[in-house]
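A.B. asks: Take a look and give me a structure for this.
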Amino acid sequence: MGKLKTNAHLSDEERHNVLSDYTCHVQKANRQRQLFKDPVLCSKAVCSTTDVTEGAEPCSLDATLHYSWDFAQCVHYPHHAMQVGPIYFATPRKCHVFGMCAEGTGLHESVFLSMMLPGHTKFTPDWHFGVWKIKWRQSDAECMEDIAYTVKASSRSGHNIPQRVNDPSRPVVFLNWKTFLENYFKLLKNITKYYHFRCTADEPGFLICREFCDSEEVRFNLLKARPEAGCLPTVKFIPPLDHLRQWYLYEKIAPFFINEVARDIVCPKPSIPK
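C.D. replies: Have a look, this model is predicted:
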């Protein structure tokens with residue numbers, strides 16, 4: 001539609017072609033959206049009658065379960081509802097926010113992975129992000145524990161559940177999946193042209209792809225070697241901040257803290273000389 005507004009000189013035939021392309025794009029996006037909605041409804045129906053949070057034997061439930069995930073953005077801390085002016089021009093600590101909406105849990109016999117069309121990517125995680133950001137704008141947060149609290153307190157029904165990387169009780173562990181998978185699987189060329197992927201336990205190593213939800217399936221055998229059962233990648237450790245960044249936080253950001261305990265955790269004085 002933007003082309004029609006910015007190009008008034010288009011002929012009637014060109015306008016008709018632009019409108020036809022736009023109509024086809026919207027119809028295609030609606031079909032993609034419906035493909036997302038249908039398994040969500042099936043998964044919610046399963047969760048309403050079956051407790052999937054207690055754990056069970058792998059692949060012991062004949063049902064459809066759905067997961068949605070998205071990267072929101074990074075937020076800076078320390079953060080105050082009445083934000084002081086000078087810190088706007090500084091670079092505080094960053095907290096990257098990644099959301100996952102689990103309409104079901106467990107191990108599966110088959111996995112379907114679908115992507116939204118560009119420009120039509122608003123879905124369930126964005127709703128949860130929006131609920132949290134309302135709380136975030138009204139909150140003070142000077143450390144990761146404070147950020148986690150704003151997430152937990154943002155939804156009355158408790159749907160927003162924080163999960164910190166360095167949580168001692170439930171730590172998130174990063175593994176070197178890229179280098180690990182390169183030993184056993186081939187790269188898929190032109191992968192960005194596909195929006196739908198499927199793999200099953202019956203055909204290990206095969207990836208079934210579709211460009212759109214109504215496109216023909218294309219099969220690829222990506223297996224180079226079969227990994228041993230139970231073999232996992234090595235743990236990927238997060239590197240520490242370099243000393244220049246540590247000194248910057250200590251000198252430029254630490255003065256904005258109200259809580260001295262949070263300040264000493266987030267912006268401690270570096271042990272390395274400047």
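
A.B. asks: quick one: buried residues of the strand or helix carrying residue 113?
C.D. replies: Using DSSP states H and E, residue 113 maps to strand 110-114. Across strand 110-114, burial judged by 16 or more other C-beta atoms under 10 Å covers residue 114. Where C-beta positions appear, they are placed from N, C-alpha and C, glycine not excepted.

A.B. asks: and that strand, which strands flank it?
C.D. replies: Sheet pairing of strand 110-114 (DSSP bridges) gives strand 196-200 (antiparallel).

A.B. asks: Residues in contact with the partner strand: which ones?
C.D. replies: Residues lying outside strand 196-200 but in contact with it, judged by C-beta atoms under 8 Å, 6 or more residues apart in numbering, are 35, 109-115, 206-213, 215, 217.

A.B. asks: Please repeat the previous calculation with a cut-off of 6 Å.
C.D. replies: Residues outside strand 196-200 that contact it (C-beta atoms under 6 Å, 6 or more residues apart in numbering): 110, 111, 112, 113, 114, 207, 208, 209, 210.

A.B. asks: Now the phi/psi pair for residue 255, please.
C.D. replies: Note on residue 255: backbone dihedrals following degrees, to the nearest 10 are phi -60, psi -20.

A.B. asks: measure it to residue 267 for me?
C.D. replies: Distance of residue 255 to residue 267, given as C-beta to C-beta, to the nearest Å: 9 Å.

A.B. asks: neighbour-wise, which of the two wins?
C.D. replies: The residue with more neighbours, out of residue 255 and residue 267, is residue 267; 24 against 13, by other C-beta atoms under 10 Å.

A.B. asks: ok, now which ones touch that one?
C.D. replies: Contacts of residue 267 by C-beta under 6 Å, 6+ apart are 249, 250, 253, 254.

A.B. asks: How many residues are close by the first one?
C.D. replies: When neighbours are counted by other C-beta under 10 Å, residue 249 registers 21.

A.B. asks: for residue 220, phi and psi?
C.D. replies: phi -130, psi 130.

A.B. asks: And for residue 93?
C.D. replies: Note on residue 93: its backbone torsions stand at phi -70, psi 150 [degrees, to the nearest 10].

A.B. asks: where's it relative to residue 245, distance?
C.D. replies: In terms of C-beta to C-beta, residue 93 sits 10 Å off from residue 245.

A.B. asks: of those two, who's got more company?
C.D. replies: Shown here are residue 93 and residue 245; by other C-beta under 10 Å, residue 93 has more neighbours (19 against 13).
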